[in-house]
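**Q** just to be clear, the model below is a prediction. Sequence and coordinates:
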Amino acid sequence: MLGYVMLGTNDFKKSAAFYDALLAEIGAVRSMEDDSFIAWSTQPDQPALSITKPFDGEAATVGNGTMVALMMESKEQVDTFHKKALELGATDEGAVGPRGDSFYAGYFRDPDGNKLNAFWMNLG
């Protein structure tokens with residue numbers, strides 16, 4: 001169902017470096033790119049996360065209430081991914097920990113202010 005998520009950036013090089021390093025933590029690599037767009041995915045047939053310079057030439061802005069949630073394979077991967085995001089300059093938007101009985105997550109904002117969430121769900 002989900003094909004890709006696109007986040008606007010005002011500092012393309014900084015954002016590219018942030019996501020290269022962060023998404024490598026879960027095995028994602030650049031799957032498509034040009035001079036104003038990069039997409040990362042873990043496999044060619046999997047959904048992608050991308051950054052772009054806005055098409056209209058205006059400044060990128062953060063969508064109020066918009067968040068990208070990235071599924072992790074374990075609680076430990078959530079911990080590692082969230083920590084790496086903060087090391088790379090993200091800001092904490094909600095410490096890693098349980099949210100209810102079966103949901104474990106950590107929230108952060110990338111250097112452009114976009115909100116993301118690394119999560120794991122116990123479906124068993």
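**A** That came through, no problem. Residues are numbered from 1 along each chain as shown.
**Q** C-alpha only now, for contacts and for neighbours.
**A** OK.
**Q** quick one, strands of the protein?
**A** 4-8, 29-34, 37-41, 48-52, 68-71, 91-98, 103-109, 115-121 (DSSP state E).
**Q** send the alpha carbons of the fifth one over as CSV?
**A** What follows is strand 68-71 as a C-alpha-only set of coordinates in CSV (Å, rounded to 0.1, in the frame of the first residue of the first chain):
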residue,chain,number,x,y,z
VAL,A,68,6.8,9.3,9.6
ALA,A,69,6.8,6.0,11.5
LEU,A,70,9.7,3.5,10.7
MET,A,71,9.1,-0.1,11.7
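**Q** any chance of the strands of the chain in TSV, with mean neighbour count and mean pLDDT too?
**A** Below are the strands of the chain laid out as TSV (neighbours: other Cα atoms under 10 Å; pLDDT from 0 to 100):
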stretch	mean neighbour count	mean pLDDT
strand 4-8	17	95
strand 29-34	14	95
strand 37-41	21	97
strand 48-52	21	96
strand 68-71	15	96
strand 91-98	16	97
strand 103-109	21	97
strand 115-121	22	96
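**Q** turn those into CSV, columns for distance to Thr80.
**A** CSV is the format used below for the strands of the chain (distance: least, Cα to Cα, whole Å):
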stretch, distance to Thr80
strand 4-8, 22
strand 29-34, 18
strand 37-41, 18
strand 48-52, 19
strand 68-71, 13
strand 91-98, 10
strand 103-109, 10
strand 115-121, 10
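**Q** closest one to Asp79 among the ones you listed?
**A** Nearest to Asp79, of all these, is strand 91-98, at 6.4 Å by Cα to Cα.
**Q** tally of neighbours for Gly124?
**A** Neighbour count for Gly124, taken as other Cα atoms under 10 Å: 4.
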